[in-house]
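Visitor: build me a model:
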Amino acid sequence: MFTPISLLIWASTVFNSFKASGISNINIPDSVTYIECEAFSWCYSAETVIIGSGAEYIDISAFDYCHAIETITVSP
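Guide: Below you'll find the model as predicted:
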């Protein structure tokens, strides 16, 4: 179970299903290879993003309007 303040993604592709949600921490595991257009757009509360090493593609607008993001960590 996840709460609105933290999210762990289990799918291999992230589409825009989290758009405008109230999550504050986004942890994308190594199993995710593709982060779709507007996947997290308008997540105004998002402060921290951790992207796993499996990410092969992150769309240019995946994090549009996420002005509160302070830290983005990308695993090698």
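Visitor: how about the nearest residue to the residue positioned nearest the centre of the chain, chain neighbours excluded?
Guide: The centre of the chain sits closest to residue 26, judged by Cα atoms, centre = their mean, with a distance of 4.9 Å. The spatially closest residue to residue 26, leaving aside those adjacent along the chain, is residue 49, at 4.7 Å (Cβ to Cβ, 6 or more residues apart in numbering). C-beta coordinates here come from the backbone N, C-alpha and C atoms, glycine included.
Visitor: distance check, the one you found against residue 37.
Guide: 16 Å (Cβ to Cβ, to the nearest Å).
Visitor: ok, those two, which is more surrounded?
Guide: Set side by side, residue 49 and residue 37 show more neighbours around residue 49, with 20 against 14, by other Cβ atoms under 10 Å.
Visitor: do I have it right that that one meets residue 63?
Guide: Yes: here residue 49 lies in contact with residue 63, judged by Cβ atoms under 8 Å, at a distance of 7.1 Å.
Visitor: please enumerate the shared neighbours of these two.
Guide: Taking Cβ atoms under 8 Å, 6 or more residues apart in numbering as the contact definition, residue 49 and residue 63 share the neighbouring residues 40, 69.
Visitor: quick one, strands of this protein?
Guide: Under the criterion DSSP state E, strands of the chain are mapped to 6-8, 13-14, 25-28, 34-35, 48-51, 57-58, 71-74.
Visitor: so which of those strands is nearest residue 42?
Guide: Ranking those by proximity to residue 42 (Cβ to Cβ) places strand 25-28 first, at 13.2 Å.
Visitor: which residues sit in contact with residue 76?
Guide: The neighbours of residue 76, taking Cβ under 8 Å, 6+ apart as the test, are residue 53.
Visitor: got a list of what residue 60 touches?
Guide: The neighbours of residue 60, taking Cβ under 8 Å, 6+ apart as the test, are residue 37.
Visitor: quick check: it vs residue 49, distance?
Guide: Taking Cβ to Cβ as the measure, residue 60 falls 15 Å from residue 49.
Visitor: which stretches of this structure form helices?
Guide: With DSSP state H as the criterion, the chain has no helices.
Visitor: all set, thanks.
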